[in-house]
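In: 3D model of this:
(one chain, ligands or ions: 1)
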Amino acid sequence: MIAIGCDHAGVEMKKAVIDALKEKGFELKDLGTDGEPCDYPVIAKAVCELVQSGECEKGILICGTGIGMSMTANKFKGIRAALCSDSFSAKYTRLHNDANVMCMGARVLGTGLACELAEIFMTTEFEGGRHKRRIDLITDIENNR
Ligand code: RB5
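Out: So this is what the prediction gives:
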């Protein structure tokens with residue numbers, strides 16, 4: 001299950017990403033907003049809590065730039081949120097960073113690219129190995145700063 005959410009800037013992009021991922025066989029839980037103006041941290045919290053609890057394996061967050069969502073998401077323990085605008089980053093943040101939340105900017109990207117990036121993110125596995133050591137170092141900082 002994938003948790004997905006957006007603020008008012010990302011409603012159309014979110015709908016397109018949901019449709020594209022459903023077509024590929026993914027199940028999604030939509031945490032809003034459906035269109036009402038809202039504060040992006042509220043939506044980021046709802047999505048990240050589902051990823052933290054394990055109810056959802058990954059999350060997608062969309063706001064105007066993707067920046068507010070990524071700043072908020074990275075405040076949650078265990079969340080590694082990546083702001084993606086290109087396919088190389090969407091692929092390598094899974095391979096090397098084991099990112100579990102992807103953020104995108106609806107005022108930055110076209111909808112077609114957003115759908116492609118979401119699919120890359122969801123279908124690319126973490127490589128592990130030396131990258132696991134680096135993730136552990138991130139976790140260590142998270143737990144001890
Ligand atoms: C909302 O206008 C906008 O600030 C928000 O979508 C996002 O871009 C914040 O980072």
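
In: so residue 62 is in which element?
Out: Residue 62 is located in strand 58-63, with elements delineated by DSSP states H and E.

In: in its sheet, what does that strand sit against?
Out: According to DSSP bridges, the neighbouring strands of strand 58-63, each with its direction, are strand 2-6 (parallel), strand 101-105 (parallel).

In: tell me which residues of the helix or strand just after the first one are tucked away?
Out: This points to strand 2-6. Taking DSSP H and E as the definition, the helix or strand that follows strand 2-6 towards the C-terminus is helix 11-23. Counting neighbours by 16 or more other Cβ atoms under 10 Å, one finds that the buried residues in helix 11-23 are 11, 13-14, 16-18, 20-21. The C-beta positions use only the backbone N, C-alpha and C, and glycine is treated the same way.

In: Could you do stretch 43-56 as well?
Out: So for stretch 43-56, counting by 16+ other Cβ under 10 Å, buried means 43-51, 56.

In: any idea of the mean pLDDT in that stretch?
Out: Rounded to a whole number, the mean pLDDT of stretch 43-56 is 98.

In: Next, see if it gets close to the ligand.
Out: No. Interface with the ligand: stretch 43-56 contributes nothing (Cβ under 6 Å from any ligand atom), its closest point being 9.9 Å away.

In: Please apply the same query to stretch 82-100.
Out: No. Interface with the ligand: stretch 82-100 contributes nothing (Cβ under 6 Å from any ligand atom), its closest point being 9.9 Å away.

In: Turn the strands paired with strand 58-63 into a markdown table, including mean neighbour count.
Out: Formatted as a markdown table, the strands paired with strand 58-63 follow (neighbours: other Cβ atoms under 10 Å):
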| stretch | mean neighbour count |
| --- | --- |
| strand 2-6 | 26 |
| strand 101-105 | 27 |
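
In: Could I get the ones you listed in JSON lines, plus columns for distance to the ligand and mean pLDDT?
Out: JSON lines is the format used below for the strands paired with strand 58-63 (distance: least, Cβ to the nearest ligand atom, whole Å; pLDDT from 0 to 100):
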{"stretch": "strand 2-6", "distance to the ligand": "8", "mean pLDDT": "98"}
{"stretch": "strand 101-105", "distance to the ligand": "7", "mean pLDDT": "99"}
